[in-house]
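In: A structural model of the following input is requested.
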Amino acid sequence: MTAHFAKRGPVAVITLYNPPMNGLGLATRQAFMQALRQAEQDADVHAIVINGAGKQFCSGADIKEFGTDLTFAEPNLHTMIHAVEHATKPVVVALHGLTMGGGLELALGCHYRVVAAGTQIALPEVKLGLLPGAGGTQRLPRVLGVEPALNMIITGNSVPAEMLAQAPGQKLFDKLVPSAENILEEAVAFAESIADVRPLPQVRQLPCAHPQGEAYFQFARNMARGMARHLPAPVKCVDAVQVATQTRMDEGLLKERDLFLSLMMTPESRSLRHLFFAERATSKIADVPADTPLRPIQKVGIIGAGTMGGGIAMNFLNADIPVLLLEMKQEALDRGIATIRGNYEAQLKKGKLKADKLEQRMGLLHTTLDYADLKDADLVIEAVFEDMGVKEQVFRKLDEVCKPGCILASNTSTLDLDRIAAFTQRPQDVVGLHFFSPANVMKLLEVIRGAHTGKDVLATVMALAKKIRKIAVVSGVCDGFIGNRMVEQYLRQAGFLLDEGCTPQQVDRALEQFGFPMGPFRMSDLSGNDIGWAIRKRRYVERPGYRFSGTADKLCEMGRFGQKTGAGWYDYQAGKRDAQPSALVNQMIEDHRKEKGITPRKIGNDEIVKRLVLALVNEGARILEEGIASKSGDIDMVYIAGYGFPIHRGGPMHYANELGLNQVLTAMRGFAANPLDDAEFWQPAPLLQRLADEGRQFA
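Out: So this is what the prediction gives:
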C-alpha cells in the first residue's frame, strides 16, 4: 500500500508512502481514499492527520504517470481534495521537506496546516508550461494574499516555510514548528487540541481580492509577457488568479481546469515537459547499473589556470571540494588566482555571496608548479591548449605521478579521447569532461566515454556532476562529440547563407526571433572566430573538398577574431559587448560573392531558421545512428544547456518531432537541390528516414 492508516489515540494518521517523493500516483490516491473512509467511519477517531513518509511530504503528481491517462483517473487529485475539504472530522496536514505542486494543493484542501521550519513550499507547474490544476490558483491567494501567491505561481520558485509564516495576515500555516524531527507528534498534538472545534475551517470560504483590481492584473500580465515572451503559461497564471478574485470557488476551479487543459495541449508545454524528463534521463546509462560503486573524490587537481581552468576550479570550490591548481609559471598562477577571487568578489558585490563564504572557498584553493604534488589527487582535469601534442605531454606526465585509481580527465572539446587515453598505461581511468565556457556559469558538462573508460569512472563523474550542479550528458568519441560536431553544420549553413545573399545581422535576427539568445555570428564573435578557423584548417587537410563558405577564413585573415579583438562579424566599442553592424565586413561578403560569381537573392527568415536548425537535426540523427548519443533527449539537453537552444522549442530533436519528420525530409530535399548548398550533407540520416517511413518520432 502506498498510503498507510494508523491510529494514535483518537487521531487517525494517514501516511503517504511512495518514495522518494511521495508522488500522488493512482495507487497512492486509491489507498489514500480508502484510509480516509476508514478514518471517517471509525467512531473512535476524532481527528485526522496526513503525513508524508521519509524526508518529504509530497512533490505532487507521480512523474512516472505524468502525461498519461492515469493522471486523471479516479480518484483524481480534485476528488482527493474535495473529500478532505468536506470531511466531517478535522483534517490536519503535517508538512516537511518538499511540499510542492499537488502536494501543496492537497494541503490547501485540509482544515489545518502544521509545518516544519526548512520546508520548501512551491507550485512549480509553470516550469512545465502549465499552471496549478487542482485549486492552487484559487486557494493560495486566499491564504497568502493575491500578490505573494501570484509571485509564487508565476515563477514556480520554492520559498522556505518560515518566510511565508511571517507574511502579515497569512492563513497558510496554523503552526510553525522548529524542525521536521517531531513534525508528526506536533501535528497529532495539534489535531487533538482542535478535535472538537466547529465549524471546520475551509480555505474556500476565505475572501480573495486585490485593492487595485483590473489595473493590478493588467500590470502583472505585462510583466509576465516581458519575462517570458515565448511562453503562454505565466500570463494564464495571472488570468487564473484574477478569476479567484472575481468568482465563487467552484466557478474558479472550473476555469482553472480549462486553462490547465488548454496549456497542456500547447507545443510550449510539450517542450518543457519533454525537457523535464530528458534532464532526469541523462544520468541513466544503459550498461552502468545504478548501484555501481563510486570512487571517492576528495581532492581535485586542475592543470591550467587560464579562463577555462579557473572556471572549472570554481565549480569544485563551490561544492566544498579542495582544488590543487597547477601551472608552469608563477605569473600564470597569480593571474588565475586573481581571476577566481575577482569572480567571487563580483558575486559578493551583487549580494550573491557572503564574505566568509568567499574566504572559505579561496581557502580550499591550493597551487603548485610541480606535477609531483598531484600524487594524492583523486581526479585530475587538464584544461590546456587544444593540441594533441600538448595533451600527450600532460597525460604521459600524469600517468607517471598520479596514484592508482586516480581519474584522469581531459577538457578537450574536439580531440580523440581514445588517442589521449593511449598515452597512459591506464586507459580505463581516462574520461573526457568537456566544460563549456564560462565553466563556472554554464550548466552543461559533456562526459566523453572512451573505448576503455571504466563503468565505475563513468558512474563517479556522473554523480560528481550533480554535486557541482551540472547537467551531464554522456557522449561517445567522435570529432567534436555531440555539441561541437552538430554546431559545425549549423555554422556551415550560416556561412552558405552569407554567400547566397544574407548579412550576418539578418541571419542572427532570424535565429534570435526563433528564440536563441544570440545568432550564429554573434555567438562566434563571443567564443572567438579563431577557434573555428583552426578547426577548418584541420578539415582542409583531413577532408579535402569539404566545403565552407570562405567568408569566415577571410574574416580571420583580417584579424577580426571577435569581441576579444574588438572586431569580428561585428564591430565592438572598447569595454562594451554591443554588436554593431560592420560596413567593412558586409563589403567583404559582397566582394566574396563577386569572386565566386554568385548573384545574391532575397532569403526569408523561415528558410534561414530551417536550414540552420534542420542541419542540427540531421547531424543529430547521425550521432544517434552511430551510438555517439544514446538518446535523442540527451542531444536536446546538450543544446538547451550548452548552446542556448530555446527551451520553449524543446531542443532540436524534439522540435523536429513537433514539425513532423516528413516535413523535415521535404525541407531537406529542397535544400539539397540548391546548387550553392551541400547536397551530400542534406541526404537524410538513415535513422531520420527510417523513423519518418515508419510514422515514428525521435523518442
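
In: So what touches stretch 75-90?
Out: Here stretch 75-90 makes contact (C-beta atoms under 8 Å, 6 or more residues apart in numbering) with 24, 29-30, 32-33, 36, 39-40, 45-48, 50, 61, 91, 102, 105-106, 108-112, 133-135, 191, 194-195, 197, 200, 202-204, 253, 257. The C-beta positions use only the backbone N, C-alpha and C, and glycine is treated the same way.

In: Flag every buried residue along it.
Out: For stretch 75-90, burial by neighbour count (16 or more other C-beta atoms under 10 Å) applies to 75-78, 80-85, 87, 89-90.

In: And the furthest pair within the residues you listed?
Out: 76 and 90 (23.8 Å; C-beta to C-beta).

In: circling back to that earlier point, any chance of the buried residues of stretch 75-90 in TSV, with pLDDT and secondary structure too?
Out: What follows is the buried residues of stretch 75-90, written out as TSV (pLDDT from 0 to 100; DSSP: H, G, I helix; E, B strand; the rest coil):
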residue	pLDDT	secondary structure
75	97	coil
76	95	coil
77	96	helix
78	96	helix
80	97	helix
81	98	helix
82	97	helix
83	98	helix
84	98	helix
85	98	helix
87	98	coil
89	98	coil
90	98	coil
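
In: need these in TSV with distance to residue 613, can you?
Out: Below are the buried residues of stretch 75-90 laid out as TSV (distance: C-beta to C-beta, whole Å):
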residue	distance to residue 613
75	43
76	38
77	37
78	40
80	43
81	42
82	46
83	48
84	47
85	48
87	53
89	58
90	56
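
In: ok, of the residues you listed, which one's closest to residue 127?
Out: Using C-beta to C-beta, residue 77 is the member of the buried residues of stretch 75-90 that sits closest to residue 127, with 18.3 Å.

In: who touches the helix or strand bottoming out on mean pLDDT in the chain?
Out: One helix or strand of the chain scores below all others by mean pLDDT, DSSP states H and E: helix 529-542, with a mean of 90. Here helix 529-542 makes contact (C-beta under 8 Å, 6+ apart) with 386, 414, 488, 491, 524, 546, 548, 552-553, 555-556, 560-562, 568-569.

In: swap in stretch 629-643?
Out: 274-275, 277-279, 281-282, 285-286, 436, 442-444, 446, 471, 473-476, 482-483, 486-487, 616, 620, 623-624, 645, 647, 650-654, 698-699.

In: Return the distance of the helix or strand harbouring residue 590 from the chain's centre.
Out: Element membership of residue 590, judged by DSSP states H and E, is helix 583-596. How far helix 583-596 lies from its chain's middle: 40 Å, per C-alpha atoms, centre = their mean, to the nearest Å.

In: Might one say that residue 610 is in contact with residue 666?
Out: No: using C-beta atoms under 8 Å, residue 610 makes no contact with residue 666, being 10.4 Å away.

In: who's more crowded, the two?
Out: residue 610 (22 against 12; other C-beta atoms under 10 Å).

In: OK, contacts around the more buried one?
Out: Counting by C-beta under 8 Å, 6+ apart, residue 610 has contacts residue 667.

In: repeat for residue 52
Out: Here residue 52 is in contact with 15-16, 22, 58, 94-97, 103 (C-beta under 8 Å, 6+ apart).

In: quick check, nearest of those residues to residue 181?
Out: residue 96 (9.1 Å).

In: quick one on the thing from earlier: mind giving me the PyMOL command for buried ones among the contacts of stretch 629-643?
Out: Remark: buried members of the contacts of stretch 629-643, expressed as a PyMOL selection using 16+ other C-beta under 10 Å:
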select buried, resi 274+275+278+279+282+285+436+442+444+446+471+473+474+475+476+482+483+486+487+616+620+623+624+645+647+650+651+652+653+654+698
